[in-house]
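> Here is my input, please return the structure:
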Amino acid sequence: MTALNEGWFTEVFQDQGTAFSLQVKRKLHEEQTPFQKLEIYETETFGNLMVLDGCVMLTSRDIFLYHEMMTHPALFTHRQPRKVVVIGGGDCGTLREVLRHPDVEEAWQIEIDERVTRASEKYFPELCEANDDPRANFFFGDGVQWIRDIEPDSVDVIIVDSTDPVGAAEGLFALDFYRDAMLALREGGIIVQQSESPLLHTDTIIRDIHTDMRKAGLTQVRTLPFPQPVYPTGWWSCTLGSKENPLMYFREEDADNRAFVTRYYNSGVHNGALAMPQFMVDALEDEVRPEEG
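Numbering: from 1, shown residues only. Predicted coordinates for the structure are as follows:
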């Protein structure tokens, strides 16, 4: 549920008894796309705000946290990520972070709603800086079907930069999708799934992701928490699944000597995120193998 009263945009999380508000200057854009209601606001302190169907998607001020953690831990864990696929991510920020890696030869963004990308190009141009990179490819359509149809053993990293697991995004959190992703990944491949709030969803969504990834054949699964002020509880996560590579180890020297600037990610943050809070370890103990800690 959302409300816009006296210059404040408020997203109410009724089932949690909480709400999140941002003071807004004005509404910049509103449209009903073929898939959802899209709104853009200018806020007083968080830059531009994107809202889909009443839910906060991103702000200019803090989205770097999400994009960097959805991208760099996986790409610095994979031995040589050459082909990367982003499912969702219509704001293009995750694609931008992927293409900062010089080893990446080909990147695909598969987004169901082209209007999200076009609005981002206008209102979040900094996130779309890599859209003209010759390595960038775009497909506007169903990501579940795209992964199902792709050639087996052809992708190194799949990043599922999706909305919450409802509606069109529900199929991206399903066992069948992970099985299709498993087939699409090359040896040593990694899938990254945005996995909601550790505080709210460890016993439900995160646990289900661990279970389904393992059923699909991903032998290593790990959830990395990180801060995200505009999302419920201000704490978010991504979950990595790997065919073979141990996820507790990454190319730390390469991360330290990265040839690009980050605002949040570094090797220390990466190591810290690998240490799951005790309540998550306890909740996921049946899903965490001894070699993963």
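> Going by C-alpha atoms from here, please, whenever you check contacts or count neighbours.
Fine.
> who touches the nearest residue to residue 152 once chain neighbours are set aside in this structure?
If the residues on either side of it in the chain are set aside, residue 152 comes closest to residue 184, at 4.3 Å by Cα to Cα, 6 or more residues apart in numbering. With Cα atoms under 8 Å, 6 or more residues apart in numbering as the criterion, the residues that contact residue 184 are 147-148, 150-155.
> How many residues are close by the residue nearest to residue 35 when sequence neighbours are not counted?
Sequence neighbours aside, residue 113 is the residue nearest to residue 35 in space, at 6.7 Å (criterion: Cα to Cα, 6+ apart). Counted by other Cα atoms under 10 Å, the residues lying close to residue 113 total 19.
> distance of residue 113 from residue 163?
The spacing between residue 113 and residue 163, counted by Cα to Cα, to the nearest Å, is 12 Å.
> Could you do residue 266 as well?
When distances are taken as Cα to Cα, residue 266 and residue 163 turn out to be 26 Å apart.
> Please report the distance of residue 132 from residue 120.
When Cα to Cα is the yardstick, residue 132 and residue 120 sit 14 Å from each other.
> What mean pLDDT does the lengthiest helix in the chain get?
With secondary structure taken from DSSP state H, the chain has its longest helix at helix 63-77. Over the span of helix 63-77, the pLDDT mean works out to 98.
> next structured bit after that helix?
Per DSSP states H and E, the first helix or strand lying C-terminal to helix 63-77 is strand 83-88.
> That following strand to helix 63-77, inter-axis angle?
Note on geometry: by axes from the mean of the first three to the mean of the last three Cα atoms, to 10 degrees, strand 83-88 and helix 63-77 are set 150 degrees apart in direction.
> if we look at the next helix or strand after strand 83-88, which residues are touching it?
Beyond strand 83-88 on the C-terminal side, the first helix or strand identified by DSSP H and E is helix 93-98. For helix 93-98, the external contacting residues (Cα under 8 Å, 6+ apart) are 64, 67-68, 70-72, 75, 84, 86, 89, 104, 107-109, 127-131, 136, 161.
> what about dumping the CA coordinates of helix 93-98 to CSV?
Taking C-alpha atoms only, helix 93-98 is exported to CSV below (Å, rounded to 0.1, in the frame of the first residue of the first chain):
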residue,chain,number,x,y,z
GLY,A,93,22.6,-0.4,-13.3
THR,A,94,23.6,-4.0,-12.9
LEU,A,95,24.5,-4.2,-16.5
ARG,A,96,26.7,-1.2,-16.1
GLU,A,97,28.6,-2.9,-13.2
VAL,A,98,29.0,-6.1,-15.2
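> Just want to know which of residue 132 and residue 120 has more residues nearby.
Between residue 132 and residue 120, residue 120 has the larger neighbour count (other Cα under 10 Å), namely 20 against 9.
> Doesn't residue 39 belong to a helix?
No. Residue 39: not assigned to a helix; according to DSSP: H, G, I helix; E, B strand; the rest coil it is strand.
> Next, count neighbours for residue 278.
For residue 278, the tally of surrounding residues (other Cα under 10 Å) stands at 9.
> My guess is residue 108 contacts residue 86. True?
Yes. Using Cα atoms under 8 Å, residue 108 is in contact with residue 86, at 6.0 Å.
> ok so, going back, can you give me the distance of the residue nearest to residue 152 to residue 72?
Residue 184 sits 20 Å away from residue 72, going by Cα to Cα.
> Contact partners for residue 105?
Shown in contact with residue 105 (Cα under 8 Å, 6+ apart): 82-83, 135.
> circling back: hmm, which of the contacts of residue 184 are the buried ones?
Members of the contacts of residue 184 that pass the buried threshold by neighbour count (16 or more other Cα atoms under 10 Å) are listed as 147-148, 154-155.
> show me the contacts for residue 170.
If you count contacts by Cα under 8 Å, 6+ apart, residue 170 has them with residue 164.
> can you pull out the strands in this structure?
Ranges of strands within the chain are 2-5, 8-13, 18-32, 37-43, 48-52, 55-59, 83-88, 106-111, 136-140, 155-161, 185-194, 220-227, 235-242, based on DSSP state E.
> Against which helices or strands is the longest one packed?
Strand 18-32 is packed against strand 8-13, strand 37-43, with contacts defined by 3 or more Cα pairs under 8 Å, 6 or more residues apart in numbering; DSSP states H and E.
> And for the second one?
The criterion is 3+ Cα pairs under 8 Å, 6+ apart, and the helices and strands that strand 8-13 contacts are strand 2-5, strand 18-32.
> what ranges of the stretch 1-150 of the chain fall below the confidence cut-off?
By pLDDT under 70, the low-scoring segments of the stretch 1-150 of the chain are 1-5.
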